[in-house]
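*Asks:* Return a 3D structure for these sequence lines:
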Amino acid sequence: MKRGRELLRLADTVVLPGFEGRTPPDWLRRRLSDGLTGVVLFSRNIASPSQVADLTAALRAENPQVLVGIDEEAGEVTRLEAATGSGRPGNFALGVVDDPGLTEEIARDLGRDLALAGINLDFAPSADVNSNPRNPVIGLRSFGVGPALVARHTAAWIRGLQSAGVAACAKHFPGHGDTSVDSHHGLPIVGADADELREVALPPFRAAVAEGVRAVMTGHLLVPAIDRAQPATLSGPVLRDLLRDELGFEGVIVTDGIEMEAVSGPHGIGGASALAIAAGADAICVGGEHADERTAVEVRDAIADAVIEGRLPEERLADAAERVCDLALWAASAGPARRSAVSASPGDVPVGLAAARRALRVTRRSSAAVIPLPAPPHVLELAPEMNLAIDPHTPWGVGEPLGKLLPGTTVTRLTAPEATGGAVEAALATAAGRPLVAVVRDAHRHAWQTAVLEHLLAARPDAVVVEMGLPDRCDLGAVHVATYGAARVCGQAAAELLAGCAGSDG
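*Replies:* Numbering: from 1, shown residues only. Next up, the predicted model:
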(Lines give C-alpha, C1' and ligand atoms only; values in the text may rest on other atoms or scores of the structure.)
Protein backbone atom coordinates (compact mmCIF):
# COMPACT_ATOMS: atom_id res chain seq x y z
CA MET A 1 0.00 0.00 0.00
CA LYS A 2 1.39 3.40 -0.98
CA ARG A 3 0.61 6.88 0.20
CA GLY A 4 -2.26 7.76 -2.11
CA ARG A 5 -3.53 11.27 -2.55
CA GLU A 6 -6.72 10.57 -0.63
CA LEU A 7 -4.82 9.10 2.31
CA LEU A 8 -2.52 12.13 2.44
CA ARG A 9 -5.52 14.46 2.35
CA LEU A 10 -7.09 12.60 5.26
CA ALA A 11 -3.85 12.89 7.21
CA ASP A 12 -3.56 16.59 6.36
CA THR A 13 -7.07 17.20 7.66
CA VAL A 14 -6.08 16.26 11.22
CA VAL A 15 -2.91 18.39 11.40
CA LEU A 16 -3.10 21.90 12.88
CA PRO A 17 0.34 23.42 12.19
CA GLY A 18 1.90 26.66 13.32
CA PHE A 19 4.01 28.87 11.08
CA GLU A 20 6.44 31.77 11.21
CA GLY A 21 5.58 35.32 10.23
CA ARG A 22 2.63 37.69 10.20
CA THR A 23 1.53 36.75 6.70
CA PRO A 24 0.93 33.19 5.49
CA PRO A 25 4.07 31.62 3.98
CA ASP A 26 3.80 30.12 0.52
CA TRP A 27 3.94 26.55 1.79
CA LEU A 28 0.94 27.15 4.05
CA ARG A 29 -1.11 28.77 1.29
CA ARG A 30 -0.37 25.81 -0.96
CA ARG A 31 -1.26 23.26 1.69
CA LEU A 32 -4.51 25.02 2.60
CA SER A 33 -5.65 25.00 -0.99
CA ASP A 34 -4.79 21.29 -1.17
CA GLY A 35 -6.62 19.92 1.86
CA LEU A 36 -5.13 21.32 5.08
CA THR A 37 -8.08 22.17 7.34
CA GLY A 38 -6.62 24.29 10.12
CA VAL A 39 -3.74 26.29 11.55
CA VAL A 40 -2.67 27.55 14.96
CA LEU A 41 -1.60 31.12 15.67
CA PHE A 42 1.04 32.07 18.24
CA SER A 43 2.16 35.46 19.53
CA ARG A 44 4.90 35.51 16.87
CA ASN A 45 2.11 35.78 14.27
CA ILE A 46 0.41 38.73 15.95
CA ALA A 47 1.13 42.47 15.78
CA SER A 48 -2.32 44.06 16.03
CA PRO A 49 -5.99 43.11 15.68
CA SER A 50 -6.17 44.56 12.17
CA GLN A 51 -3.05 42.67 11.11
CA VAL A 52 -4.52 39.39 12.46
CA ALA A 53 -7.76 40.08 10.58
CA ASP A 54 -5.75 40.53 7.38
CA LEU A 55 -3.80 37.34 8.12
CA THR A 56 -6.90 35.23 8.69
CA ALA A 57 -8.54 36.73 5.58
CA ALA A 58 -5.52 35.57 3.58
CA LEU A 59 -5.90 32.07 5.06
CA ARG A 60 -9.58 32.00 4.12
CA ALA A 61 -8.74 33.05 0.58
CA GLU A 62 -7.07 29.63 0.26
CA ASN A 63 -9.65 27.67 2.28
CA PRO A 64 -12.93 29.44 3.18
CA GLN A 65 -13.64 26.94 5.96
CA VAL A 66 -10.21 27.01 7.59
CA LEU A 67 -10.06 26.47 11.35
CA VAL A 68 -7.91 29.16 12.94
CA GLY A 69 -6.95 28.19 16.47
CA ILE A 70 -5.22 30.15 19.21
CA ASP A 71 -4.17 29.62 22.82
CA GLU A 72 -5.97 32.66 24.25
CA GLU A 73 -6.96 32.08 27.86
CA ALA A 74 -6.81 35.78 28.86
CA GLY A 75 -4.87 36.58 32.01
CA GLU A 76 -1.28 35.37 31.86
CA VAL A 77 -1.70 33.14 28.82
CA THR A 78 -2.51 35.57 26.04
CA ARG A 79 -1.47 35.60 22.42
CA LEU A 80 -3.77 38.31 21.08
CA GLU A 81 -2.50 40.80 23.69
CA ALA A 82 1.00 39.43 24.29
CA ALA A 83 2.59 42.78 23.46
CA THR A 84 0.44 44.81 25.88
CA GLY A 85 -0.78 42.40 28.54
CA SER A 86 -4.32 41.12 28.69
CA GLY A 87 -7.28 43.42 29.15
CA ARG A 88 -9.05 40.59 31.00
CA PRO A 89 -8.04 38.80 34.19
CA GLY A 90 -7.33 35.10 34.11
CA ASN A 91 -9.39 32.26 35.45
CA PHE A 92 -8.32 32.28 39.08
CA ALA A 93 -9.39 35.90 39.53
CA LEU A 94 -12.78 35.03 38.07
CA GLY A 95 -13.06 32.10 40.44
CA VAL A 96 -12.29 34.38 43.40
CA VAL A 97 -15.13 36.69 42.38
CA ASP A 98 -17.29 33.59 41.78
CA ASP A 99 -19.89 35.27 39.60
CA PRO A 100 -20.60 32.90 36.69
CA GLY A 101 -22.44 35.67 34.90
CA LEU A 102 -19.27 37.77 34.95
CA THR A 103 -17.21 34.83 33.69
CA GLU A 104 -19.66 34.33 30.84
CA GLU A 105 -19.50 38.05 30.01
CA ILE A 106 -15.67 38.02 30.01
CA ALA A 107 -15.62 35.01 27.65
CA ARG A 108 -18.23 36.57 25.37
CA ASP A 109 -16.19 39.78 25.25
CA LEU A 110 -13.08 37.78 24.36
CA GLY A 111 -15.01 35.77 21.78
CA ARG A 112 -16.10 38.99 20.10
CA ASP A 113 -12.47 40.12 19.72
CA LEU A 114 -11.40 36.71 18.43
CA ALA A 115 -14.26 36.55 15.93
CA LEU A 116 -13.51 40.04 14.63
CA ALA A 117 -9.91 38.94 14.10
CA GLY A 118 -11.09 35.88 12.15
CA ILE A 119 -10.16 33.33 14.84
CA ASN A 120 -12.77 30.62 15.38
CA LEU A 121 -11.18 28.05 17.73
CA ASP A 122 -9.83 28.99 21.14
CA PHE A 123 -7.86 26.48 23.20
CA ALA A 124 -9.59 27.60 26.39
CA PRO A 125 -10.74 27.37 29.07
CA SER A 126 -8.44 25.49 31.39
CA ALA A 127 -10.82 23.13 33.19
CA ASP A 128 -8.07 21.94 35.52
CA VAL A 129 -8.72 21.93 39.27
CA ASN A 130 -5.62 23.43 40.86
CA SER A 131 -5.48 20.96 43.73
CA ASN A 132 -1.67 21.15 44.00
CA PRO A 133 -0.71 24.71 45.10
CA ARG A 134 2.85 24.17 43.86
CA ASN A 135 1.76 23.23 40.36
CA PRO A 136 4.35 24.87 38.06
CA VAL A 137 2.19 25.20 34.94
CA ILE A 138 -1.50 25.58 35.91
CA GLY A 139 -1.87 27.82 38.97
CA LEU A 140 -3.68 31.01 37.95
CA ARG A 141 -4.90 29.36 34.75
CA SER A 142 -7.37 27.36 36.85
CA PHE A 143 -10.62 28.80 38.17
CA GLY A 144 -9.73 27.46 41.62
CA VAL A 145 -9.21 24.53 43.93
CA GLY A 146 -12.79 23.24 44.23
CA PRO A 147 -14.29 20.93 41.59
CA ALA A 148 -17.77 22.46 41.80
CA LEU A 149 -16.45 26.02 41.45
CA VAL A 150 -14.23 25.09 38.51
CA ALA A 151 -17.12 23.22 36.88
CA ARG A 152 -19.58 26.11 37.02
CA HIS A 153 -17.05 28.62 35.69
CA THR A 154 -15.88 26.24 32.98
CA ALA A 155 -19.48 25.95 31.79
CA ALA A 156 -19.99 29.72 31.96
CA TRP A 157 -16.80 30.40 29.98
CA ILE A 158 -17.82 27.93 27.27
CA ARG A 159 -21.30 29.41 27.11
CA GLY A 160 -19.94 32.92 26.67
CA LEU A 161 -17.23 32.10 24.15
CA GLN A 162 -19.41 29.91 21.93
CA SER A 163 -22.22 32.48 21.97
CA ALA A 164 -19.78 34.67 20.03
CA GLY A 165 -19.33 31.96 17.39
CA VAL A 166 -15.89 30.81 18.59
CA ALA A 167 -15.41 27.14 19.46
CA ALA A 168 -14.19 26.53 23.00
CA CYS A 169 -11.74 23.79 23.92
CA ALA A 170 -11.68 22.55 27.52
CA LYS A 171 -8.23 21.43 28.67
CA HIS A 172 -6.08 19.57 29.81
CA PHE A 173 -8.01 16.29 29.94
CA PRO A 174 -8.27 14.43 32.27
CA GLY A 175 -6.90 17.20 34.50
CA HIS A 176 -3.46 18.81 34.94
CA GLY A 177 -4.14 20.40 38.34
CA ASP A 178 -2.71 17.78 40.67
CA THR A 179 0.74 17.62 39.12
CA SER A 180 4.19 18.93 40.00
CA VAL A 181 5.91 18.60 36.61
CA ASP A 182 5.53 20.85 33.56
CA SER A 183 4.70 18.62 30.56
CA HIS A 184 6.70 20.95 28.30
CA HIS A 185 9.78 19.40 29.92
CA GLY A 186 8.78 16.00 31.32
CA LEU A 187 5.93 13.59 31.98
CA PRO A 188 3.68 14.56 34.91
CA ILE A 189 2.13 11.69 36.85
CA VAL A 190 -1.35 12.02 38.33
CA GLY A 191 -1.34 10.06 41.56
CA ALA A 192 -5.10 10.06 42.19
CA ASP A 193 -6.96 6.78 42.20
CA ALA A 194 -9.98 6.30 39.96
CA ASP A 195 -12.46 7.50 42.60
CA GLU A 196 -10.45 10.63 43.39
CA LEU A 197 -10.11 11.37 39.68
CA ARG A 198 -13.87 11.22 39.20
CA GLU A 199 -14.54 13.31 42.30
CA VAL A 200 -11.96 16.07 41.74
CA ALA A 201 -10.53 16.28 38.21
CA LEU A 202 -13.44 15.16 36.03
CA PRO A 203 -16.44 17.29 37.16
CA PRO A 204 -15.34 20.35 35.14
CA PHE A 205 -15.00 18.23 32.02
CA ARG A 206 -18.42 16.70 32.63
CA ALA A 207 -19.78 20.24 32.88
CA ALA A 208 -17.99 21.20 29.66
CA VAL A 209 -19.52 18.26 27.79
CA ALA A 210 -22.96 19.06 29.18
CA GLU A 211 -22.54 22.68 28.01
CA GLY A 212 -21.81 21.52 24.47
CA VAL A 213 -18.11 22.33 24.30
CA ARG A 214 -16.91 21.82 20.73
CA ALA A 215 -13.41 20.54 21.54
CA VAL A 216 -11.39 19.03 24.37
CA MET A 217 -7.60 19.20 24.58
CA THR A 218 -5.65 16.27 25.95
CA GLY A 219 -3.03 16.61 28.67
CA HIS A 220 0.35 14.96 28.32
CA LEU A 221 -0.15 13.23 31.67
CA LEU A 222 0.36 9.70 32.89
CA VAL A 223 -2.75 8.62 34.80
CA PRO A 224 -1.94 5.18 36.25
CA ALA A 225 -5.46 4.81 37.65
CA ILE A 226 -6.67 4.62 34.04
CA ASP A 227 -3.62 3.62 31.98
CA ARG A 228 -0.25 2.68 33.46
CA ALA A 229 1.53 2.53 30.11
CA GLN A 230 0.69 5.61 28.06
CA PRO A 231 0.09 9.30 28.80
CA ALA A 232 -3.45 10.52 28.24
CA THR A 233 -2.73 11.94 24.78
CA LEU A 234 -1.69 8.49 23.57
CA SER A 235 -4.12 6.44 25.65
CA GLY A 236 -7.18 4.66 24.30
CA PRO A 237 -8.52 3.96 27.81
CA VAL A 238 -8.38 7.71 28.59
CA LEU A 239 -9.63 9.10 25.27
CA ARG A 240 -12.02 6.41 24.06
CA ASP A 241 -13.21 4.71 27.24
CA LEU A 242 -13.26 7.69 29.59
CA LEU A 243 -13.84 10.79 27.45
CA ARG A 244 -15.95 9.31 24.65
CA ASP A 245 -17.82 6.48 26.35
CA GLU A 246 -18.12 7.52 30.00
CA LEU A 247 -18.38 11.31 29.58
CA GLY A 248 -20.23 11.09 26.25
CA PHE A 249 -18.11 13.66 24.38
CA GLU A 250 -18.79 13.72 20.62
CA GLY A 251 -16.72 16.73 19.53
CA VAL A 252 -13.10 17.11 18.47
CA ILE A 253 -10.30 15.78 20.68
CA VAL A 254 -7.21 17.87 20.00
CA THR A 255 -3.77 17.20 21.43
CA ASP A 256 -1.74 19.64 23.42
CA GLY A 257 1.42 20.64 21.54
CA ILE A 258 2.68 17.31 20.21
CA GLU A 259 6.32 18.45 20.23
CA MET A 260 6.27 18.73 24.03
CA GLU A 261 8.84 16.51 25.67
CA ALA A 262 6.33 14.39 27.59
CA VAL A 263 5.17 12.68 24.37
CA SER A 264 7.67 13.55 21.63
CA GLY A 265 10.64 12.56 23.77
CA PRO A 266 9.96 8.81 23.65
CA HIS A 267 8.28 8.68 20.22
CA GLY A 268 9.36 11.64 18.12
CA ILE A 269 6.90 14.21 16.80
CA GLY A 270 5.62 12.01 13.98
CA GLY A 271 5.44 8.86 16.08
CA ALA A 272 3.55 10.58 18.88
CA SER A 273 1.11 12.05 16.34
CA ALA A 274 0.27 8.65 14.86
CA LEU A 275 -0.14 7.11 18.31
CA ALA A 276 -2.45 9.94 19.38
CA ILE A 277 -4.78 9.50 16.40
CA ALA A 278 -4.83 5.74 16.94
CA ALA A 279 -5.73 6.28 20.61
CA GLY A 280 -8.72 8.45 19.73
CA ALA A 281 -7.44 12.01 19.21
CA ASP A 282 -8.82 13.82 16.16
CA ALA A 283 -6.43 16.73 15.64
CA ILE A 284 -2.72 17.23 16.20
CA CYS A 285 -1.60 20.61 17.47
CA VAL A 286 1.99 21.23 16.36
CA GLY A 287 4.24 24.14 15.57
CA GLY A 288 4.76 25.93 18.83
CA GLU A 289 8.46 25.24 18.52
CA HIS A 290 8.75 23.59 15.09
CA ALA A 291 6.80 25.94 12.84
CA ASP A 292 7.87 24.89 9.37
CA GLU A 293 6.61 22.86 6.44
CA ARG A 294 9.07 20.06 7.15
CA THR A 295 7.47 19.38 10.54
CA ALA A 296 3.93 19.58 9.16
CA VAL A 297 4.85 17.11 6.41
CA GLU A 298 6.60 14.84 8.90
CA VAL A 299 3.45 14.63 11.00
CA ARG A 300 1.19 14.05 7.98
CA ASP A 301 3.46 11.35 6.55
CA ALA A 302 3.87 9.59 9.90
CA ILE A 303 0.09 9.35 10.23
CA ALA A 304 -0.28 8.07 6.65
CA ASP A 305 2.51 5.56 7.17
CA ALA A 306 0.83 4.26 10.32
CA VAL A 307 -2.24 3.49 8.22
CA ILE A 308 -0.15 1.76 5.57
CA GLU A 309 1.67 -0.32 8.17
CA GLY A 310 -1.53 -1.33 9.96
CA ARG A 311 -0.82 0.55 13.19
CA LEU A 312 -3.69 2.98 12.59
CA PRO A 313 -7.00 1.80 11.08
CA GLU A 314 -7.97 3.97 8.11
CA GLU A 315 -11.51 4.13 9.51
CA ARG A 316 -10.13 5.76 12.68
CA LEU A 317 -8.30 8.38 10.63
CA ALA A 318 -11.40 8.99 8.51
CA ASP A 319 -13.50 9.41 11.66
CA ALA A 320 -10.99 11.94 13.04
CA ALA A 321 -10.96 13.87 9.77
CA GLU A 322 -14.77 13.95 9.68
CA ARG A 323 -14.94 15.38 13.20
CA VAL A 324 -12.42 18.09 12.32
CA CYS A 325 -14.37 18.97 9.16
CA ASP A 326 -17.62 19.13 11.15
CA LEU A 327 -16.00 21.58 13.57
CA ALA A 328 -14.74 23.68 10.67
CA LEU A 329 -18.26 23.78 9.20
CA TRP A 330 -19.75 24.83 12.56
CA ALA A 331 -17.16 27.57 12.99
CA ALA A 332 -17.59 28.85 9.44
CA SER A 333 -21.34 29.21 9.91
CA ALA A 334 -21.49 30.20 13.60
CA GLY A 335 -18.97 33.03 13.56
CA PRO A 336 -20.55 35.35 10.97
CA ALA A 337 -24.08 34.55 12.17
CA ARG A 338 -23.38 35.39 15.81
CA ARG A 339 -20.74 38.10 15.55
CA SER A 340 -23.25 40.90 15.03
CA ALA A 341 -25.24 39.81 18.08
CA VAL A 342 -22.30 40.35 20.44
CA SER A 343 -22.11 43.79 22.00
CA ALA A 344 -19.42 45.43 24.10
CA SER A 345 -19.89 45.73 27.85
CA PRO A 346 -22.17 48.58 28.92
CA GLY A 347 -20.79 51.74 30.51
CA ASP A 348 -17.36 53.31 30.39
CA VAL A 349 -15.45 50.63 32.32
CA PRO A 350 -14.30 47.65 30.23
CA VAL A 351 -15.60 44.40 31.65
CA GLY A 352 -12.05 43.07 32.11
CA LEU A 353 -11.00 45.97 34.34
CA ALA A 354 -14.25 45.76 36.29
CA ALA A 355 -13.57 42.06 36.91
CA ALA A 356 -9.96 42.70 37.98
CA ARG A 357 -11.16 45.32 40.48
CA ARG A 358 -13.68 42.87 41.94
CA ALA A 359 -10.98 40.22 42.38
CA LEU A 360 -8.71 42.34 44.61
CA ARG A 361 -8.41 41.12 48.19
CA VAL A 362 -6.79 43.42 50.77
CA THR A 363 -5.44 42.44 54.21
CA ARG A 364 -4.40 45.25 56.58
CA ARG A 365 -2.15 44.11 59.43
CA SER A 366 -1.15 47.40 60.97
CA SER A 367 -3.08 50.37 62.27
CA ALA A 368 -0.29 52.48 60.79
CA ALA A 369 -0.91 51.07 57.32
CA VAL A 370 -1.82 53.81 54.91
CA ILE A 371 -3.79 53.23 51.72
CA PRO A 372 -4.00 55.28 49.61
CA LEU A 373 -0.25 55.85 49.60
CA PRO A 374 0.62 59.30 50.94
CA ALA A 375 3.37 59.91 48.37
CA PRO A 376 4.83 58.42 45.20
CA PRO A 377 6.46 55.13 46.26
CA HIS A 378 9.42 53.08 45.21
CA VAL A 379 8.19 49.80 43.71
CA LEU A 380 10.37 46.68 43.79
CA GLU A 381 9.11 43.97 41.43
CA LEU A 382 10.48 40.44 41.72
CA ALA A 383 10.27 38.66 38.36
CA PRO A 384 10.43 34.85 38.34
CA GLU A 385 11.09 32.76 35.25
CA MET A 386 7.73 31.84 33.77
CA ASN A 387 6.61 28.51 32.32
CA LEU A 388 6.51 28.07 28.54
CA ALA A 389 2.75 28.61 28.30
CA ILE A 390 3.33 32.30 29.13
CA ASP A 391 4.99 34.59 26.61
CA PRO A 392 8.10 35.88 28.43
CA HIS A 393 7.78 39.30 26.78
CA THR A 394 4.25 40.00 28.02
CA PRO A 395 4.41 43.08 30.28
CA TRP A 396 3.15 42.90 33.84
CA GLY A 397 3.48 44.68 37.14
CA VAL A 398 2.18 47.52 39.30
CA GLY A 399 4.98 50.06 38.92
CA GLU A 400 4.16 51.20 35.39
CA PRO A 401 0.43 51.92 35.91
CA LEU A 402 1.12 53.35 39.37
CA GLY A 403 3.63 55.77 37.86
CA LYS A 404 0.89 57.20 35.66
CA LEU A 405 -1.39 57.71 38.65
CA LEU A 406 1.32 58.92 41.07
CA PRO A 407 4.01 60.73 39.06
CA GLY A 408 7.36 60.38 40.76
CA THR A 409 6.92 56.66 41.38
CA THR A 410 10.18 54.78 40.76
CA VAL A 411 10.55 51.12 39.88
CA THR A 412 13.22 48.45 40.26
CA ARG A 413 12.70 44.99 38.78
CA LEU A 414 14.93 42.10 39.80
CA THR A 415 15.19 38.54 38.48
CA ALA A 416 16.55 35.71 40.62
CA PRO A 417 20.20 36.18 39.53
CA GLU A 418 19.94 39.93 40.12
CA ALA A 419 18.34 39.74 43.56
CA THR A 420 21.59 39.96 45.52
CA GLY A 421 21.92 41.54 48.92
CA GLY A 422 23.46 44.61 47.36
CA ALA A 423 20.59 45.05 44.91
CA VAL A 424 18.01 44.75 47.66
CA GLU A 425 19.89 47.23 49.86
CA ALA A 426 20.01 49.62 46.91
CA ALA A 427 16.24 49.35 46.54
CA LEU A 428 15.79 50.04 50.24
CA ALA A 429 18.02 53.08 49.96
CA THR A 430 15.98 54.37 47.02
CA ALA A 431 12.81 53.91 49.09
CA ALA A 432 14.16 55.77 52.13
CA GLY A 433 11.63 58.31 53.35
CA ARG A 434 9.02 57.09 50.86
CA PRO A 435 6.40 54.34 50.72
CA LEU A 436 7.75 50.96 49.60
CA VAL A 437 5.72 48.52 47.50
CA ALA A 438 7.02 44.97 46.94
CA VAL A 439 5.46 43.08 44.02
CA VAL A 440 5.85 39.29 43.78
CA ARG A 441 4.49 36.41 41.68
CA ASP A 442 3.92 33.07 43.38
CA ALA A 443 6.35 33.95 46.16
CA HIS A 444 5.67 30.63 47.92
CA ARG A 445 7.07 28.69 44.95
CA HIS A 446 10.30 30.69 44.73
CA ALA A 447 12.65 30.61 47.71
CA TRP A 448 14.57 33.63 46.46
CA GLN A 449 11.40 35.77 46.44
CA THR A 450 10.60 34.67 49.99
CA ALA A 451 14.13 35.54 51.09
CA VAL A 452 13.98 39.00 49.51
CA LEU A 453 10.60 39.67 51.10
CA GLU A 454 11.93 38.70 54.53
CA HIS A 455 14.88 41.07 54.06
CA LEU A 456 12.64 43.92 52.92
CA LEU A 457 10.04 43.53 55.64
CA ALA A 458 12.66 43.31 58.38
CA ALA A 459 13.90 46.72 57.29
CA ARG A 460 10.53 48.16 56.27
CA PRO A 461 7.64 46.54 58.15
CA ASP A 462 5.44 49.35 56.79
CA ALA A 463 5.87 48.08 53.21
CA VAL A 464 2.92 47.10 51.04
CA VAL A 465 3.13 43.63 49.44
CA VAL A 466 1.28 42.98 46.19
CA GLU A 467 1.03 39.30 45.24
CA MET A 468 0.25 38.89 41.53
CA GLY A 469 0.31 35.10 41.61
CA LEU A 470 -1.32 32.68 44.04
CA PRO A 471 -1.02 33.95 47.63
CA ASP A 472 0.17 31.24 50.01
CA ARG A 473 -0.19 33.68 52.92
CA CYS A 474 -1.73 37.12 53.25
CA ASP A 475 0.05 38.27 56.43
CA LEU A 476 3.08 39.76 54.70
CA GLY A 477 3.62 43.50 54.91
CA ALA A 478 1.61 46.17 56.67
CA VAL A 479 -0.87 45.78 53.82
CA HIS A 480 -1.14 42.72 51.58
CA VAL A 481 -2.93 43.01 48.24
CA ALA A 482 -3.76 39.86 46.29
CA THR A 483 -4.66 40.43 42.64
CA TYR A 484 -4.93 36.73 41.69
CA GLY A 485 -3.35 37.49 38.35
CA ALA A 486 -0.62 39.40 36.54
CA ALA A 487 -2.68 40.54 33.56
CA ARG A 488 -2.39 44.22 32.63
CA VAL A 489 -5.80 44.94 34.18
CA CYS A 490 -4.78 43.25 37.44
CA GLY A 491 -1.82 45.61 37.72
CA GLN A 492 -4.07 48.53 36.83
CA ALA A 493 -6.63 47.59 39.48
CA ALA A 494 -3.92 47.28 42.16
CA ALA A 495 -2.40 50.61 41.12
CA GLU A 496 -5.80 52.31 41.40
CA LEU A 497 -6.23 50.93 44.89
CA LEU A 498 -2.78 52.09 46.02
CA ALA A 499 -3.24 55.53 44.49
CA GLY A 500 -6.74 55.97 45.89
CA CYS A 501 -8.38 56.48 42.53
CA ALA A 502 -12.16 56.35 42.39
CA GLY A 503 -13.77 53.47 40.57
CA SER A 504 -12.44 50.41 42.38
CA ASP A 505 -15.27 47.91 42.82
CA GLY A 506 -13.58 46.34 45.85
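*Asks:* any low-confidence regions in the chain?
*Replies:* 1-2, 180-185, 335-347, 367-369, 502-506 (pLDDT under 70).
*Asks:* what domains does the record give for it?
*Replies:* Domain ranges of the chain: 25-339, 351-499, per automatic domain parsing.
*Asks:* you'd agree residue 263 is up against residue 273?
*Replies:* No: the criterion here is C-beta atoms under 8 Å, and residue 263 misses it with residue 273 at 9.0 Å. Glycine gets a C-beta too; all of them are placed from N, C-alpha and C.
*Asks:* So which of these two has more stuff around it?
*Replies:* Neighbours were counted for residue 263 and for residue 273 using other C-beta atoms under 10 Å; residue 273 has more, 32 against 28.
*Asks:* Now do stretch 100-115: distance to the chain's middle.
*Replies:* 15 Å (C-alpha atoms, centre = their mean, to the nearest Å).
*Asks:* Show me what counts as buried in that stretch.
*Replies:* 100, 102-115 (16 or more other C-beta atoms under 10 Å).
*Asks:* One more: stretch 297-309?
*Replies:* 297-307.
*Asks:* And the residues you listed, which is closest to residue 396?
*Replies:* Proximity of the buried residues of stretch 297-309 to residue 396 (C-beta to C-beta) peaks at residue 299, which lies at 34.1 Å.
*Asks:* who's in contact with that closest one?
*Replies:* Residues near residue 299 by C-beta atoms under 8 Å, 6 or more residues apart in numbering: 15, 17, 258, 269-270, 273, 284, 286.
*Asks:* how about a cut-off of 7 Å?
*Replies:* Residues near residue 299 by C-beta atoms under 7 Å, 6 or more residues apart in numbering: 15, 269-270, 273, 284, 286.
*Asks:* what's the span of stretch 38-52, first residue to last?
*Replies:* End-to-end distance for stretch 38-52, by C-alpha to C-alpha, to the nearest Å: 15 Å.
*Asks:* buried stuff in it?
*Replies:* Using 16+ other C-beta under 10 Å as the test for burial, stretch 38-52 gives 38-46, 52.
*Asks:* same deal with stretch 252-264?
*Replies:* Buried, per 16+ other C-beta under 10 Å, within stretch 252-264: 252-260, 262-264.
*Asks:* so can I have a markdown table of the residues you listed showing distance to residue 334 and secondary structure?
*Replies:* Output for the buried residues of stretch 252-264, formatted as a markdown table (distance: C-beta to C-beta, whole Å; DSSP: H, G, I helix; E, B strand; the rest coil):
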| residue | distance to residue 334 | secondary structure |
| --- | --- | --- |
| 252 | 14 | strand |
| 253 | 20 | strand |
| 254 | 18 | strand |
| 255 | 23 | coil |
| 256 | 24 | coil |
| 257 | 26 | coil |
| 258 | 27 | coil |
| 259 | 30 | coil |
| 260 | 30 | coil |
| 262 | 33 | helix |
| 263 | 31 | helix |
| 264 | 33 | helix |
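*Asks:* Could you dump those residues into TSV with distance to residue 26 added?
*Replies:* Below are the buried residues of stretch 252-264 laid out as TSV (distance: C-beta to C-beta, whole Å):
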residue	distance to residue 26
252	28
253	31
254	26
255	27
256	28
257	24
258	24
259	23
260	28
262	33
263	30
264	27
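*Asks:* just the residues you listed now: which is nearest residue 85?
*Replies:* residue 257 (23.0 Å).
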